[in-house]
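Trainee: need coordinates for the below:
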Amino acid sequence: MNNIKYIFLSLLLLNTSLQLCAQNSSLDTLKKILAHATVDSAKGKALSNLAFELISYGHYAEAMSYISQEKILYEKINSKKGMSDVFALLGTIWYEQGVYPEALRNYYKSLALSESIQDKITIADALENISLVYYAEGNYEEALTKHFAALHIYNEIGRKEGSATTLINIGTIYLEQKKYTVAKEYYFKALAIEKTGNDKHGYIILLSNIGALYKAEKDYSNALKYTNEALVEATQLNDKTGLSDIYINIGNLYSALNNSGKAIDYFKKGLSVSKEIGSLNYIKNAYKGLSEEYGKQQNYEEAFINYKNFILYRDSLFNEDNTKKLVRTQMQYDFDKKEAETKVKQQIKDAVAKKELQKQKIVKVAIAFGAALLLLVMLLLFNRRKAVHNLQVNRLENKTLRSQLNPHFIFNALASIQKYMDEHPELAQNYLAKFGKLMREVLENSEKETISLSDEFMMLKKYMDLESLRVKNGFDYEIIIDEEADAETIQLPPLIFQPVVENAIWHGVANGISKGKITIRVTLKNDVLLVEVENRNDKAQPSFIQIAEEEKKKSFGLQIVRDRLILLSKEKRRKGNLTLLPTETGMKVMMEIPV
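Mentor: The predicted model follows:
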């Protein structure tokens, strides 16, 4: 019966999510973790870890202060899982001090909260905690019922640590009932799991329990082997609860071997540590062992003193009042559970009625929503067809403008050829050949909706090369394209620049007294191509009256460009524009072309 005490602490390790906290962590380290915790959930875990560590050292009053803080925190954030951990920790403190009614009351609270949130892990842990109280009370039948229920859940969810701990507890009950073969079966099932895990506490108690089993079978050699191995592990972990249990077990072993001297030494060690941690159950067992060993040595005075202490602690643990409280606690839990079930059934009825009303509302809303959706779809289809129609009209208008531009361009070019043949008949044939190539490109590109910026400039260069031969003093030209404007990928309507350049030649550089220059600059900003066409010559800057007169004439080619930009703006949904600005040496045309 001694062995089960230490198993509970291993189980509580699962219940309070302490797998990540190494058992040899110092209290100072845990307090630092708590001090730096800012999130409520992290702070709650830190408080649980610290309280558990203090319980393992037997500092129950200090542990209770941290549990109180944890309780306030979880009540504030309304965490049922957190409150389940709080009651499990409170149950641990009462259990370790032998106050079993209070331990059971808190464990049942933990179970009720776990069941309310359907958390299988905490349900299984709570069942294990409750079974340990029944075991301590000697109610083995109820203890086994709870153990097997917990084991079923642990196996179902694949929680090996919990399964191992429960197997140990079941084996211990069969050991207590002297069913050694069955006990050994469960112990070695647990050992197979513990050897592959990291649960040092479970491993220690299992070794100690196996030692107790071999002692019961009078196999003292194996009993000492396993118990001493448990002592080494517990000493390394400085686990005082485990040490109390193991010292008393070794004392019992030496008692069975009739070595009273060593038995008394180990019982005294167990008593010292048990008093240090305040464990009534271990203190009782240590006094009992000392009383029997002093009796064997015929030291009846010491035997009597230790026997009185044994009776005192035994009666404080098991009295009629405690037994009645245990029964009342069980009855209260059953009552609360039935009341909760009745309440849940009524809530289900109310929810069904409410759901039916909501269903009717949903049907009405769905009909209204469906009608609105149908209307919206019809409007969208209408707008889409309208948009497609407008786009088709827009493209037809654009094509019409291109068809108007081609005769205009060809007429001007033919006029230039006639003049060239009159003035320079010897060069007219060469000019006519170049013009033929240009015309072929113009006619081919004019059939396309768009061409690349690169193709547009190749065609424009050929045009300017021809026109520079006709201008009296000739002219130079320069095309500057910004790095961000990719001439190969940018698409724009064909011949969009030609009327502007033509205007710059015949109303600009052609009227100069010396060689002029045309500069074309291209940049791209927010999907709009910004183009500047500037002509410079030595002709005096025109007055605003002259500009106004030229605007009145309105070049046919420039007007077509403006109209094309308007249509392009509608299609691209970005504004296009064309502006003429006088400069000190000529004229600048600013174009904004959506691309």
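Trainee: can we go C-alpha only for contacts and neighbour counts from here?
Mentor: OK.
Trainee: give the helix, strand or coil label for residue 532.
Mentor: Using DSSP: H, G, I helix; E, B strand; the rest coil, the structure places residue 532 in strand.
Trainee: do the same with the one 3 residues further on
Mentor: Each residue gets one of three states, and residue 535 gets strand by three-state DSSP.
Trainee: contacts only, for it.
Mentor: Listed by C-alpha atoms under 8 Å, 6 or more residues apart in numbering, the contact set of residue 535 reads 504-505, 508-509, 516-519, 585-588.
Trainee: most neighbours of all those residues, which one?
Mentor: residue 509 (29 neighbours; other C-alpha atoms under 10 Å).
Trainee: how near is it to residue 272?
Mentor: For residue 509, the distance to residue 272 (C-alpha to C-alpha, to the nearest Å) stands at 114 Å.
Trainee: again, but for residue 376
Mentor: Applying C-alpha to C-alpha to residue 376 and residue 272 gives a distance of 84 Å.
Trainee: who's in contact with the spatially closest residue to residue 197 that is not a sequence neighbour?
Mentor: The spatially closest residue to residue 197, leaving aside those adjacent along the chain, is residue 161, at 7.5 Å (C-alpha to C-alpha, 6 or more residues apart in numbering). Residues counted as contacts of residue 161 (C-alpha under 8 Å, 6+ apart) are 14, 193-194, 197, 199.
Trainee: now, among the residues you listed, which is nearest to residue 531?
Mentor: residue 14 (74.2 Å; C-alpha to C-alpha).
Trainee: I figured residue 106 was touching residue 85, is that so?
Mentor: No. In this structure, residue 106 is not within contact of residue 85 by C-alpha atoms under 8 Å, at 10.1 Å.
Trainee: and these two? Which one has more around it.
Mentor: Between residue 106 and residue 85, residue 85 has the larger neighbour count (other C-alpha under 10 Å), namely 30 against 26.
Trainee: the more buried one: which element?
Mentor: helix 80-96 (DSSP states H and E).
Trainee: which element follows that helix toward the C-terminus?
Mentor: Next along from helix 80-96, by DSSP H and E: helix 100-116.
Trainee: residue 430: how many residues sit nearby?
Mentor: Other residues lying near residue 430 total 11 when counted by other C-alpha under 10 Å.
Trainee: could you do residue 523 as well?
Mentor: Residue 523 has 17 neighbours, counted by other C-alpha under 10 Å.
Trainee: swap in the one 10 residues further on?
Mentor: The local packing of residue 533 (other C-alpha under 10 Å) involves 22 other residues.
Trainee: in what helix or strand does the closest residue to it other than its chain neighbours lie?
Mentor: Of all residues not flanking residue 533 in the chain, residue 520 sits nearest, at 4.7 Å (C-alpha to C-alpha, 6+ apart). Assigned by DSSP H and E, residue 520 belongs to strand 516-525.
Trainee: could you figure out how far the helix holding residue 85 is turned away from helix 100-116?
Mentor: Angle of helix 80-96 versus helix 100-116, following axes from the mean of the first three to the mean of the last three C-alpha atoms, to 10 degrees, is 160 degrees.
Trainee: hmm, who's touching helix 80-96?
Mentor: 5, 9, 12, 15-16, 44, 48, 51-52, 55, 60, 64, 67, 70-71, 74-75, 100, 102-107, 109-111, 113-114, 117, 122, 126, 129, 133, 278-281.
Trainee: may I have that helix as CSV, with CA atoms only?
Mentor: Extracted in CSV, the C-alpha atoms of helix 80-96 (Å, rounded to 0.1, in the frame of the first residue of the first chain):
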residue,chain,number,x,y,z
LYS,A,80,-12.6,24.9,-17.3
LYS,A,81,-9.5,23.0,-18.3
GLY,A,82,-7.4,25.3,-16.0
MET,A,83,-9.9,24.9,-13.1
SER,A,84,-9.7,21.1,-13.6
ASP,A,85,-5.9,21.3,-13.0
VAL,A,86,-6.5,23.6,-10.0
PHE,A,87,-8.7,21.1,-8.3
ALA,A,88,-6.4,18.2,-9.2
LEU,A,89,-3.5,20.1,-7.5
LEU,A,90,-5.6,20.8,-4.4
GLY,A,91,-6.6,17.1,-4.2
THR,A,92,-2.9,16.2,-4.3
ILE,A,93,-2.1,18.4,-1.3
TRP,A,94,-4.9,16.9,0.7
TYR,A,95,-4.0,13.4,-0.4
GLU,A,96,-0.4,13.7,0.5
